[in-house]
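A.B. asks: Mind folding the following:
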Amino acid sequence: MTAEVPAPAPGGSPGEDAQGPDGGASVGREGAPRRPRTERKQVLLRLDPAVHDALARWASDELRSVNAQIDMVLRRALDAEGRLPRDVRPPRRPGRPPAQ
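C.D. replies: Numbering: from 1, shown residues only. Next up is the predicted model:
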């Protein structure tokens, strides 16, 4: 029987950012402690085809995926209503993650 390796978080490797060698929080490049990486939530979303097409065009105009565009629209709406959590991570930067 082999031990299971946890699946990597998007943009990371297995176990990355989980815990440091002493079981505490891991430390970032600058020596500051990092928050443990949590897996992003997956949501099944049903949309009217016309709404999806409009989102796809808008996402294309801003060089984002439809998924990233939905995330950005929801963040803006939450922020406008004063409901964006204080501890929410900033949106991911566009493009590919830097090579490690």
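
A.B. asks: Assumed Leu78 was part of a helix.
C.D. replies: Yes. Per DSSP: H, G, I helix; E, B strand; the rest coil, Leu78 lies within a helix segment.

A.B. asks: show me where this structure has helices.
C.D. replies: 49-61, 66-80 (DSSP state H).

A.B. asks: I'd like to know which elements the shortest one is packed against.
C.D. replies: In this case it means helix 49-61. helix 66-80 (3 or more C-beta pairs under 8 Å, 6 or more residues apart in numbering; DSSP states H and E). Yep, even glycine has a C-beta here, placed from its N, CA and C like the rest.

A.B. asks: thinking again about what came up before, could you say which one of the helices of the chain comes nearest to Gly95?
C.D. replies: Gly95 sits nearest to helix 66-80 of all the helices of the chain, at 11.1 Å, using C-beta to C-beta.

A.B. asks: in the closest one, what's buried?
C.D. replies: Val66, Gln69, Ile70, Met72 (16 or more other C-beta atoms under 10 Å).

A.B. asks: Can I get these in a markdown table including distance to Leu47 and pLDDT?
C.D. replies: Below are these laid out as a markdown table (distance: C-beta to C-beta, whole Å; pLDDT from 0 to 100):
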| residue | distance to Leu47 | pLDDT |
| --- | --- | --- |
| Val66 | 9 | 96 |
| Gln69 | 12 | 96 |
| Ile70 | 9 | 97 |
| Met72 | 16 | 95 |
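
A.B. asks: Tell me which residues are up against stretch 61-73.
C.D. replies: Here stretch 61-73 makes contact (C-beta atoms under 8 Å, 6 or more residues apart in numbering) with Leu45, His52, Leu55, Ala56, Trp58, Ala59, Pro91, Arg92, Pro94.

A.B. asks: how near is the last one to Gln42?
C.D. replies: As judged by C-beta to C-beta, to the nearest Å, Pro94 and Gln42 stand 21 Å apart.

A.B. asks: And Leu78, by the same measure?
C.D. replies: On the measure of C-beta to C-beta, Leu78 and Gln42 end up 19 Å apart.
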